[in-house]
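Visitor: Here is the input, now give the coordinates:
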Amino acid sequence: MASSQQASEAFTPVLSALSTMQSNSSRPQKVQAHEYLEKFQKSSEAWNITHKILQSTGATVEAKLFAATTLKGKIIYDLDQLPNEALAPLRDSLISLLQLYSDGPRPIRTQICVCLASLAIQYTSWKDVLPMIGNAVQGSKGGGDALLEFLRILPEEVTEGRKINMTEEELSNRSQELLEQNSTQVLNLLISYAQSSSDAAVNPRLFDCISSWLREIPAADVVNSPLLDTMIAALGNDTSFEMAVDCMCNIYRDTRDVDETMGVIQTLYPKIIALRPKILEAAETEDTDLMKGVTRLFAEAGEAWVVLIARLPGNFRSLVEAVLECCMRDNDRDAISLTFIFWYELKQYLTLDKYADARTSLADLFSQLVDIMIKHLEFPTPDNGDNADLFDGDREQEEKFREFRHAMGDVLKDCCEVIGITECLSKAYNLIQGWAQRYASQATDEKVPHWQQLEAPLFSLRAMGRMVDPEESTVLPRVVPLIVTIPEHEKLKFQAIMALGRYTEWTSQHPETLEAQLNYVISGFNHKSQEVVQAAALAFKFLGTDCHRLLGGHIVQLHQFYEGVLDKLKPTSQEEVTEGVAAIVAVQPMEKIYESLKMFCDPVMRRIMSLAQNAMDDVTQKAVADYLQLITIFVQLVSPYVAPSDPNPAVKYCQEILPPLAMIATNFPKSSPILERVCRSWRYMVISYRIAMAPLLPTLAQNLAHGFQASRQGCFLWATDAIIREFSEGAEYVDHNTSEAVYQFYEQQVVAFLRILNELSPDELPDVIEDFFRLATDAVRFYPSKTVCSSLATPTFEAAISALSLQQIDPLIAALHFIRDILSFAGEKPPISEFNGSDGKPLSNPPEVQTAVKQLLVSLGPLLVQRILTGMMFSFPEECFPDASAILLASFGLMPLQSAEWVQSTLQLLPTGSLKAGESNRLMKGISEKIQKGEMRKVRVLLQDFTNAYRRRNVAPREGLGRLEAMRFRFSG
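Guide: Residues are numbered from 1 along each chain as shown. Predicted structure coming up:
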């Protein structure tokens with residue numbers, strides 16, 4: 001009695017904390033409970049307490065599940081807390097728990113099975129794993145399910161064994177003992193179980209277990225055993241159908257090497273084809289799950305054996321026909337997407353010259369597929385006749401249908417490659433023409449009979465547009481005149497305009513069709529539907545871009561159109577129309593570029609200045625930013641070729657708008673949208689006009705420097721980066737004085753950034769940090785000697801180390817890249833080019849640069865290594881690991897012994913108890929051995945494995961992390 005009371009008292013605090021987490025307690029109470037449970041999970045006491053909770057009759061199911069989950073974590077990460085002699089009692093205790101929970105609850109039983117599997121992997125002297133567990137649960141209620149679950153989990157846990165702290169060799173040997181040496185025994189056990197009763201033969205867990213062991217048991221052994229007939233029979237049972245389908249598809253995957261598994265495929269194929277009547281059964285009974293499962297059976301078989309279909313189309317035609325029938329009969333369009341990969345894979349083979357005969361043999365099936373796909377593209381026809389809401393208010397279903405149509409469009413492209421674009425286009429044309437003959441006379445702008453039958457082929461035309469050659473002369477000359485007569489019905493007009501937008505490259509080769517298309521598209525701007533207006537804007541963009549030379553002589557009319565529609569459009573559509581117009585302005589004769597730019601941009605600038613006078617809130621400031629973006633588009637696209645010695649007419653216009661843009665930036669120092677758009681415009685001035693911008697550089701640099709100091713927005717650094725790239729040392733047509741002035745401007749920006757970082761912590765400046773270190777990385781690349789040897793190199797490097805305390809990916813990557821690039825200049829060869837210098841000799845890295853980098857590492861190496869290791873152990877996102885470990889590799893490559901000391905110092909700062917016994921010594925011994933052998937890359941692997949293992953054991957930083965927290969950055973310049 002006393003013992004029972006003591007056990008209850010031991011786990012009462014845990015139950016209390018769990019109760020708090022699941023209750024309506026206050027947030028501080030839940031935080032306290034969460035912290036307590038985290039500490040408990042990693043404590044030594046958790047071994048006994050979790051067992052007591054699981055053995056208790058009074059604990060809730062939720063508490064027991066928590067205990068089982070905690071116990072799993074202890075075995076995976078903390079088994080070293082127990083002496084070797086405790087492993088056998090732990091095993092016996094777990095087996096007792098499995099007996100106790102053999103009949104459920106299933107989530108608890110699953111966790112106990114994972115516990116046993118994880119222990120079996122690490123407890124290498126336990127040799128009779130399967131017999132012991134099999135005998136233990138044999139007489140228990142639900143023992144069969146418990147054994148099947150353990151058998152299913154064991155291969156999965158071995159495969160995921162990198163969570164466990166074992167060497168690759170140890171894990172490989174244990175895998176062989178547990179899996180390879182037991183595969184025959186497991187196969188026989190599964191056969192015996194399947195034959196033991198009718199219920200066993202349809203137990204879903206049986207097929208789940210078979211799927212898991214297919215990692216070890218050859219598919220041929222399963223197929224040539226009674227289990228195949230059991231699986232086929234299970235496909236007729238509702239309980240086992242889904243898992244039997246999964247199991248069969250897993251067998252397919254093991255037969256992808258068709259030459260090695262031909263015998264298995266010959267056994268499977270007739271049995272699979274015999275299931276074809278189930279397609280009709282699923283359609284007639286409207287059983288969605290059955291249709292999905294049957295479609296998977298045929299489609300995934302096709303994916304696995306696609307090369308055989310290409311080699312032997314006659315022998316495997318029935319399989320392609322079955323997949324096609326699945327597509328045809330899937331009236332609800334729930335299963336058809338499961339076939340898309342198959343059609344793509346088959347197309348990949350059939351379009352090879354080697355399989356031309358197969359392409360001819362199967363062409364009729366792809367022709368039918370086009371018809372089926374176009375039919376499935378049709379919008380639903382509402383039962384109540386309400387065309388305003390085709391999905392009964394189900395917006396999720398409507399969005400799903402839209403995405404689904406684009407995926408079907410990809411299948412149509414596949415068909416075009418197999419049977420040719422002409423036949424596919426002809427099918428769409430015939431459907432459009434057929435609709436016109438039957439219903440066109442009845443159609444009005446408001447009411448169009450059976451519009452779905454017209455909209456679907458229009459969509460198919462749009463989807464296939466990318467496959468059409470601009471020289472096509474068979475179908476499109478007949479299709480385009482039909483499209484421009486499509487009624488004003490919202491969805492028809494939208495689809496017709498989108499289709500025209502897809503064929504603008506073809507239109508550029510057929511100018512006789514341009515006027516009718518342009519008029520039709522422009523009419524869309526007056527449509528009452530915003531979707532149609534947006535489609536018209538997008539189509540106009542493509543017409544302007546692809547037909548700019550045909551439209552170049554109509555600049556005045558286009559200006560009138562542009563001014564008439566611009567203020568009526570949404571920002572995205574404004575940008576698209578502007579891109580179309582700018583492409584036409586860009587092909588004007590050189591003497592007309594300036595006046596054309598002025599004609600289009602001056603009204604936009606007037607709008608900007610007018611809006612800016614009253615832009616007091618986010619909405620109005622966003623409006624200013626949207627119009628600023630239009631100016632940037634003109635700057636991006638109107639970039640005439642001008643000889644370096646001649647004035648650029650576009651730059652002449654840029655000079656005029658530079659002061660008003662600077663004034664806007666000055667007046668809105670806190671408006672990110674406006675500042676980003678102004679800086680984007682300045683950036684593209686530099687990128688588009690390069691050396692021609694040199695006379696404007698002093699003014700532009702002054703604006704960028706002032707803007708950054710006043711606003712502390714990273715976009716000013718982003719724009720500065722363009723200047724660094726285009727006017728760097730050695731750039732074509734850039735004189736030394738200009739290059740030198742640009743570098744001085746860069747240092748001015750560096751000082752401003754460092755002062756800001758001195759005032760604020762990195763987590764308050766993630767975007768600025770990202771932009772700065774992208775700028776600094778380019779400065780290192782284009783001005784290596786100046787940046788590395790500068791007096792600002794040390795504080796900049798310190799700032800990068802400080803930024804490693806962040807957890808956002810983009811600024812972290814930027815800082816890591818900067819550090820990597822700096823360290824890469826410590827060698828004799830510069831990392832920036834393999835070409836020879838202007839003197840014809842190979843480029844070399846100056847000794848003073850190499851020395852400066854090494855001095856940086858000597859002074860800041862301890863802090864750098866500490867932050868990199870700490871980040872890898874605690875805070876870095878996974879995407880940062882390659883760069884972080886590359887920095888460690890560079891450090892060891894330059895200063896191996898010192899780097900090892902820095903690693904050792906970092907390990908000493910880790911929280912007490914977070915390292916396993918001897919783990920630090922083993923790591924340092926391994927590093928020392930690799931250094932002595934000169935195997936620095938293996939040091940990188942050692943550190944990666946160590947930090948990964950540490951991080952897995954310490955998912956969240958434990959108590960005592962204080963000494964490893966990032967130090968605040970300080971700058972006194």
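
Visitor: got the CA coordinates for stretch 644-660 in CSV?
Guide: Output of stretch 644-660 as CSV, limited to C-alpha atoms (Å, rounded to 0.1, in the frame of the first residue of the first chain):
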residue,chain,number,x,y,z
PRO,A,644,29.5,54.5,-74.5
SER,A,645,30.5,57.9,-75.8
ASP,A,646,27.0,59.0,-76.8
PRO,A,647,24.3,60.4,-74.5
ASN,A,648,21.5,58.0,-73.7
PRO,A,649,18.0,59.6,-74.2
ALA,A,650,16.5,57.4,-71.4
VAL,A,651,19.1,58.8,-69.0
LYS,A,652,18.1,62.3,-70.0
TYR,A,653,14.6,61.5,-68.8
CYS,A,654,16.0,59.9,-65.6
GLN,A,655,17.8,63.1,-64.8
GLU,A,656,14.5,64.9,-64.9
ILE,A,657,12.7,62.6,-62.5
LEU,A,658,15.6,62.1,-60.1
PRO,A,659,14.8,65.2,-57.9
PRO,A,660,11.1,64.4,-57.5
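
Visitor: which parts of that stretch are buried?
Guide: Neighbour counts over stretch 644-660 (16 or more other CB atoms under 10 Å) mark 648-651, 653-654, 657-658 as buried. For the C-beta atoms, the positions are set from N, CA and C on the backbone; glycine is no exception.

Visitor: Would you mind listing where the stretch 201-350 of the chain has pLDDT under the threshold?
Guide: Within the stretch 201-350 of the chain, no range satisfies pLDDT under 70.

Visitor: Could you pull out the strands in the stretch 101-250 of the chain for me?
Guide: For the stretch 101-250 of the chain, applying DSSP state E, counting those that start in this stretch gives no strands.

Visitor: Could you list the low-confidence segments of the protein?
Guide: 1-10, 161-163, 383-389, 391-393, 832-842, 954-973.

Visitor: hmm, 50 instead?
Guide: Where the chain drops to pLDDT under 50, the residues are 1-5, 7, 956-965.

Visitor: picking up where we left off before, could you tell me which of the buried residues of stretch 644-660 are located in helices?
Guide: 649-651, 653-654, 657-658 (DSSP state H).

Visitor: Name the nearest of these relative to Arg438.
Guide: Ala650 (54.1 Å; CB to CB).

Visitor: so what's the nearest residue to that closest one once chain neighbours are set aside up against?
Guide: Leaving aside its chain neighbours, Ala650 sits nearest to Val638 (5.5 Å; criterion: CB to CB, 6 or more residues apart in numbering). Each residue near Val638 by CB atoms under 8 Å, 6 or more residues apart in numbering is listed here: 582, 585-586, 593, 596-597, 650, 688.

Visitor: What of Val129?
Guide: 120, 154, 178, 182.

Visitor: can I assume the last one is in contact with Ile133?
Guide: No - here Asn182 lies out of contact with Ile133, judged by CB atoms under 8 Å, at a distance of 11.5 Å.

Visitor: between the two, who's got more neighbours?
Guide: Legend: neighbour count by other CB atoms under 10 Å for Asn182 and Ile133, higher for Ile133 (25 against 21).

Visitor: Can you get me a residue count around the residue nearest to the more buried one when sequence neighbours are not counted?
Guide: Nearest residue to Ile133 in three dimensions, chain neighbours excluded: Phe150, at 5.7 Å (CB to CB, 6+ apart). The tally of other residues near Phe150 (other CB under 10 Å) stands at 24.

Visitor: Dump the C-alpha coordinates for whichever strand or helix holds Ala799 into CSV.
Guide: Ala799 belongs to helix 793-803 when assigned by DSSP states H and E. C-alpha atoms of helix 793-803 as CSV (Å, rounded to 0.1, in the frame of the first residue of the first chain):
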residue,chain,number,x,y,z
ALA,A,793,36.7,44.9,-42.0
THR,A,794,36.9,43.9,-38.4
PRO,A,795,33.7,45.6,-37.2
THR,A,796,31.9,44.3,-40.3
PHE,A,797,33.1,40.8,-39.6
GLU,A,798,32.0,41.2,-36.0
ALA,A,799,28.6,42.4,-37.2
ALA,A,800,28.2,39.3,-39.3
ILE,A,801,29.0,37.1,-36.3
SER,A,802,26.4,39.1,-34.3
ALA,A,803,23.8,38.4,-37.0
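
Visitor: Go ahead and measure how far that helix is from the middle of the chain.
Guide: Centre-to-centre, helix 793-803 and its host chain are 31 Å apart (CA atoms, centre = their mean, to the nearest Å).

Visitor: Can you point out the buried residues in that helix?
Guide: Neighbour-count burial for helix 793-803 [16+ other CB under 10 Å]: 793, 795-803.

Visitor: quick one: which of the residues you listed is nearest to His406?
Guide: Ala803 (40.3 Å).

Visitor: Switch the ones in helices among the buried residues of stretch 644-660 over to JSON lines; also include distance to Ala722.
Guide: What follows is those, written out as JSON lines (distance: CB to CB, whole Å):
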{"residue": "Pro649", "distance to Ala722": "21"}
{"residue": "Ala650", "distance to Ala722": "16"}
{"residue": "Val651", "distance to Ala722": "15"}
{"residue": "Tyr653", "distance to Ala722": "19"}
{"residue": "Cys654", "distance to Ala722": "14"}
{"residue": "Ile657", "distance to Ala722": "17"}
{"residue": "Leu658", "distance to Ala722": "15"}
